[in-house]
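[1] here is a sequence together with a model predicted from it:
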Amino acid sequence: MNTPDNGVRPSDGSVVALVPAAGRGVRLGGSIPKAFVTVGGTPMVRLAVEGLIASGAVDRIIVMVSTELVDSAVALLPPSDSVHVVVGGAERIDSVRAGIAAAPDAAYFLVHDAARALTPPALIARVAAELRTGHRAVIPGLPVTDTIKSVDAAGAVTGTPHRAQLRAIQTPQGFAADLLRSAYAAEGIPATDDAGLVEKLGIEVRTIPGDPLAFKITTPLDLLLANAVLDGASVGRAVTP
């Protein structure tokens, strides 16, 4: 069964996945936190956790939610002794800190967005495998296909980065546990993802090929696409002899 924050047990060399799920997700709309919005009838946070379990590469999963949703999260997540729920914070960075604190003996962390609910288990397993081979920071990414422009405050173009050197970064992002703890020990450092905090420590971050299905469900159009993907997969299974 799922357990609240006192159920996390240490294990040597373990891979612990942290799933921030306390955000409101205002761009997606609706009256519930984004992680609890359903895709194909299943809350995104459950789909994300099921993917982590299916990868076979994760020993424990810690889901960080707002205080009022702890009981709801425990009830809807897969019934497994490896899945735990803790109280997150007002901001994503606060939620990840809470997850880190709940796993003091983890050897590796995978930080995974609940909104990347369709991430293939094979991608999760590849990130974990790269960590176990000795890389201390590993992130999946896809080549950028659009032309990217940098602009100033007035909207005037200031440059055109060479897109061959750009990647659209996904999750899970994997880290040696001591490295992520150090990155989160600093206060007031701006970053849009966990790897950004690690980069500020001067540590090399390795990229591996991502997967189109690991897209982030942020807008109503994203949600429409995610439902279509699941509908197509269901049809495909139904017609397979």
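    In hand now; what should we look at? Numbering: from 1, shown residues only.

[2] low-confidence ranges, this structure, go.
    Where the chain drops to pLDDT under 70, the residues are 1-12, 25-30, 234-241.

[3] in the protein, which spans are helices?
    44-55, 70-76, 92-101, 121-132, 177-185, 194-199, 220-239 (DSSP state H).

[4] next up, the contacts around the residue positioned nearest the centre of the chain.
    Relative to the mean C-alpha position of the chain, the nearest C-alpha, by CA atoms, centre = their mean, is the one of His112, at 1.6 Å. Taking CB atoms under 8 Å, 6 or more residues apart in numbering, we find His112 in contact with Ala17, Leu18, Val19, Ala48, Leu52, Thr119, Ile124, Thr171, Pro172, Gln173. Any C-beta I mention is one placed from the backbone N, CA and C, and that applies to glycine too.

[5] my guess is the first one contacts Ile61, does it?
    This points to Ala17. Yes. Taking CB atoms under 8 Å as the definition, Ala17 is a contact partner of Ile61 at 4.6 Å.

[6] looking at the two, which is more packed in?
    Relative neighbour count places Ala17 above the other of Ala17 and Ile61, with 32 against 27, counting by other CB atoms under 10 Å.

[7] phi, psi for the residue nearest to Ser95 when sequence neighbours are not counted please.
    In this structure, Ser95 finds its nearest non-sequential neighbour in Gly88, 3.3 Å apart by CB to CB, 6 or more residues apart in numbering. Dihedral pair for Gly88: phi -90, psi -160, per degrees, to the nearest 10.

[8] can you give me the neighbour number for Gly88?
    By the measure other CB under 10 Å, the count of residues near Gly88 is 27.

[9] please name the bridge partners of Leu142.
    With DSSP bridges as the criterion, the beta-bridge partners of Leu142 are Ala168.

[10] going forward can the numbers begin at 344, since that is how I track them
    That works, and once the first residue is 344, the last one we named lands at Leu485.
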